[in-house]
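Trainee: Starting from these lines, generate the structure:
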Amino acid sequence: MISAMDLFRRNVTIAALGAAIPLTGVAGMPAASVVDETWTDAARQREIPVRLRWPDGGQHSGPRPIVLFSHGLGGTRDGGSLWGEAWSNAGFVVLHLQHHGSDLAAVRGTASSFTDRAGLRTAATAQQLLARLRDVGFVLEEITRRHQARQERWAAVRPTRIGMSGHSFGAHTTLGMAGQTYPGFTGVDEPRLASFIAFSPTLPPTGGPTQAFSRLTRPLLSITGTRDSDVLGTGATAERRIAVFGALPMGDKGHLVLQDADHMTFAGQTGRAVEIVAREQITLDLQPSHHALIGSVTTDWWRATLQGDAASRTRLTAPQGLRTGDLWELK
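Mentor: Sure, this is the predicted structure:
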């Protein structure tokens, strides 16, 4: 068995740069595929690895909505794979970003393991958050450019009303793109983003959360669990993660709290990638059902808020699959 330390020191590549993995399709229509690319922000001389999940063109027609996913600290574009698969199967183009400076390679250079909290925190700085926000801004510009140039499949995407999501540090990135303010920084105003999902968010470490979140007026779903603990030693306890929902402004906000789900439940991966920290057996036992519920609820969230789907909106009033101890709220 490969230990967490072995995994930490390895660099396992799921797919080669530029490789396309065809899935299913219909004759004459683009098949579903997963494509890895590296986009370059020339202005910052910064490379941004991305993973693109294209839905089956034979099953999903019309302008295709787009959803972005930002990984947590020490992650890669592999992050959120389970969620990306669910959303792509529902007809969304899913783009997973990888952020240099706070990805796996960066963390390897600062921490001895994923239990080295002090080492991990050196890659979770305000400067890295700002770099992440700029990564997202560049990706949005690149999506617009490719669409306007009618470049291959990009001609059929919808470059506005895009969804933004992320886990842990990616949740910070998501809330930042949604308009969260910070001491000395008034935040981001990005009109192309229309809806958000934050996996394992937390309250701001300083200042009043209500004021920091006051500009988060667009649809936003917050997802956490009762064992979603403080993995970096920054005070991001399960209680502070759950409290995010209460600090959000009223209007098209959702809140899912899963009993006995931990921080890695929400990374959107299985296997070695999420066994980098100690986990309770009850969490591991519940993980398949938790993942199924998250996939269902988040897909309905995107359909309802990005596509105006009435059936999905109705299902969100009382999601199927909730267990005793789970919490679902809307406001």
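
Trainee: show me where the stretch 201-331 of the chain has strands.
Mentor: 220-227, 253-262, 327-330 (DSSP state E, counting those that start in this stretch).

Trainee: These: which one's closest to Leu104?
Mentor: Judged by CB to CB, the one of the strands of the stretch 201-331 of the chain that comes nearest to Leu104 is strand 253-262, at 19.9 Å. All C-beta spots, glycine's among them, are computed from the backbone N, C-alpha and C.

Trainee: which secondary structure elements does that closest one contact?
Mentor: strand 220-227, helix 281-307, strand 327-330 (3 or more CB pairs under 8 Å, 6 or more residues apart in numbering; DSSP states H and E).

Trainee: Give me the contacts around it.
Mentor: Contacts to strand 253-262, defined as CB atoms under 8 Å, 6 or more residues apart in numbering, come from residues 219-229, 242, 245, 265, 279-280, 282-283, 286-287, 290, 293-294, 297, 301, 316, 319, 323-331.

Trainee: quick check: angle from it to helix 281-307?
Mentor: Taking axes from the mean of the first three to the mean of the last three CA atoms, to 10 degrees, one finds strand 253-262 and helix 281-307 inclined to each other by 160 degrees.

Trainee: What strands flank strand 253-262, and is each parallel or antiparallel?
Mentor: Partners of strand 253-262 in the sheet, by DSSP bridges, are strand 220-227 (parallel), strand 327-330 (antiparallel).

Trainee: Tell me which residues of the longest one come out buried.
Mentor: Right, the one you point to is strand 220-227. 220-227 (16 or more other CB atoms under 10 Å).

Trainee: Give the rounded mean pLDDT of that strand.
Mentor: Across strand 220-227, pLDDT averages out at 98.

Trainee: if we can go back for a sec, can you redo the strands of the stretch 201-331 of the chain as a markdown table, where the extra columns are distance to Ser61?
Mentor: Below are these laid out as a markdown table (distance: least, CB to CB, whole Å):
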| stretch | distance to Ser61 |
| --- | --- |
| strand 220-227 | 27 |
| strand 253-262 | 28 |
| strand 327-330 | 31 |
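
Trainee: JSON lines please, covering the strands paired with strand 253-262 and showing distance to Ala105.
Mentor: JSON lines is the format used below for those (distance: least, CB to CB, whole Å):
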{"stretch": "strand 220-227", "distance to Ala105": "27"}
{"stretch": "strand 327-330", "distance to Ala105": "37"}
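
Trainee: I appreciate the help and will end here.
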